[in-house]
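> Next input, structure requested:
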Amino acid sequence: MPTRPLVAVPAVLALLLLPAGASAKAGGLDRDHDRLPDRWETRFHVRSAADDGDDDGLTNRSEFLAGTNPRREDSDRDGTPDADEDRDRDGVDNGTEQDAGTDPRRKDTDGDGTPDGREDADRDGLANLLEDRTGNDPRDPDSDDDGIRDGRENAGRIVSFEDDVLTIAIGGGRTVSAVVDDATDLGCDAEADLEDAAGDEGVEVEDDGADAPDEEADAEAAADDGDDAAEEDDVVFDETCGTDQLEPGAYVHEAELGADEDGEPVWESVSVVVEDED
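Alright, predicted model coming up:
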């Protein structure tokens, strides 16, 4: 019986002799197993996946995933820092994708049919996207460590402010309305400052793929309706903040409800998210 040449043996041996860390995926070898291709590390002169050489808030690993330059804070020089860019156009910026443990290249990282922005990484009842917009931490169910979960602090988007009544869309199809009076403590804080304060006390929370109850979508829809009608350490409120900041579409970091002597609902405090100052 004729024998068949063992032509496959050399190929098998060649595969077995490939260096550890060799990858068939684009990017090539990863000898130190840090999930950064050696070629990419050499190109940008980086070594650690966890480092942030340009101090833009993104680790080298996140820069690799987002396709940005780990040596430049604003890779495309468009005036928007890399952490604030949104590569996959899912409404969640690269920095928040990093914090939530989602992939900045994919709108639905876990492929469960729920966009990353509607996932709830820390299971606090507040969707990742709304955590981002309101200056809360998607990894920490209690961003300001006050004993109240973020989803219960009336974070959301302003629908209207008319006749001293402020209405906030807080997600889940819900809105909360109460009076703003002279005793209401109004605060205006930049999103970056709020996120920095939250990050100081933040804890890592594993994303188990849980979904928030469409918080951001409902808040966005309710606020858009309002637009049509009209358009921590503890965070220290800005004393110069006034009711002119209570515009439809503005995001609210948190708001505390109370009641007046007649039992009518009043806002005891409202923290509004304002544009970051350059």
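
> For this structure, just list every one of the strands.
Secondary structure of the chain (DSSP state E): strands at 156-162, 165-171, 174-179, 185-190, 251-259, 265-274.

> Can you list the strands that the fifth one pairs with?
Listed by DSSP bridges, the sheet partners of strand 251-259 and their directions read strand 156-162 (antiparallel), strand 265-274 (antiparallel).

> Just put those strands in a markdown table and tack on mean pLDDT.
What follows is the strands paired with strand 251-259, written out as a markdown table (pLDDT from 0 to 100):
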| stretch | mean pLDDT |
| --- | --- |
| strand 156-162 | 97 |
| strand 265-274 | 97 |
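
> ok, and which of these has the densest surroundings?
Stretch with highest mean neighbour count among the strands paired with strand 251-259: strand 156-162 (a mean of 24; mean count of other Cβ atoms under 10 Å). C-beta coordinates here come from the backbone N, C-alpha and C atoms, glycine included.

> Tell me what angle that one forms with strand 174-179.
Per axes from the mean of the first three to the mean of the last three Cα atoms, to 10 degrees, the angle that strand 156-162 makes with strand 174-179 is 40 degrees.

> before we move on, back to that, out of the strands of the chain, which comes closest to Arg149?
Arg149 lies closest to strand 251-259 among the strands of the chain, at 11.1 Å (Cβ to Cβ).

> Tell me what Val274 is bridged to.
With DSSP bridges as the rule, Val274 is bridged to Ala190.

> whoops, I mixed them up, Ala259
Pro265.

> so it makes contact with Glu268?
No - with contacts counted by Cβ atoms under 8 Å, Ala259 stays clear of Glu268, the gap being 9.2 Å.

> ok, back up a step: of all the strands paired with strand 251-259, which lies closest to Leu65?
Nearest of the strands paired with strand 251-259 (Cβ to Cβ): strand 265-274, 26.4 Å.

> who wins for proximity to Arg77 among the strands of the chain?
Across those, closest to Arg77 is strand 185-190 (Cβ to Cβ), at 22.5 Å.

> Can you spell out which helices and strands pack onto the closest one?
Contacts defined by 3 or more Cβ pairs under 8 Å, 6 or more residues apart in numbering; DSSP states H and E place strand 185-190 against strand 265-274.

> Show residues contacting the strand it packs on.
Applying Cβ atoms under 8 Å, 6 or more residues apart in numbering, the contact partners of strand 265-274 are 133-135, 158, 166, 177-181, 183-191, 194, 235, 237, 241, 245-246, 250-260.

> let's see it at 6 Å
135, 166, 178-181, 184-188, 190-191, 245, 250-260 (Cβ atoms under 6 Å, 6 or more residues apart in numbering).

> what residue ranges in the stretch 101-250 of the chain score low on pLDDT?
197-240 (pLDDT under 70).

> From Ala83, how far out is Arg47?
Relative to Ala83, Arg47 is positioned 21 Å away (Cβ to Cβ, to the nearest Å).

> swap in Val165?
Counting by Cβ to Cβ, the gap from Val165 to Ala83 is 36 Å.

> Please say which of those two ends up with more neighbours.
Ala83 (24 against 14; other Cβ atoms under 10 Å).

> From Ala255, how far off is that one?
Taken as Cβ to Cβ, the span from Ala83 to Ala255 is 27 Å.

> And the helices in this protein?
Taking DSSP state H as the criterion, the chain carries its helices at 8-16, 38-44, 60-66, 94-100, 128-133, 191-200, 215-229.

> just checking, what packs against the shortest one?
Helices and strands touching helix 128-133, by 3 or more Cβ pairs under 6 Å, 6 or more residues apart in numbering; DSSP states H and E, are helix 215-229.
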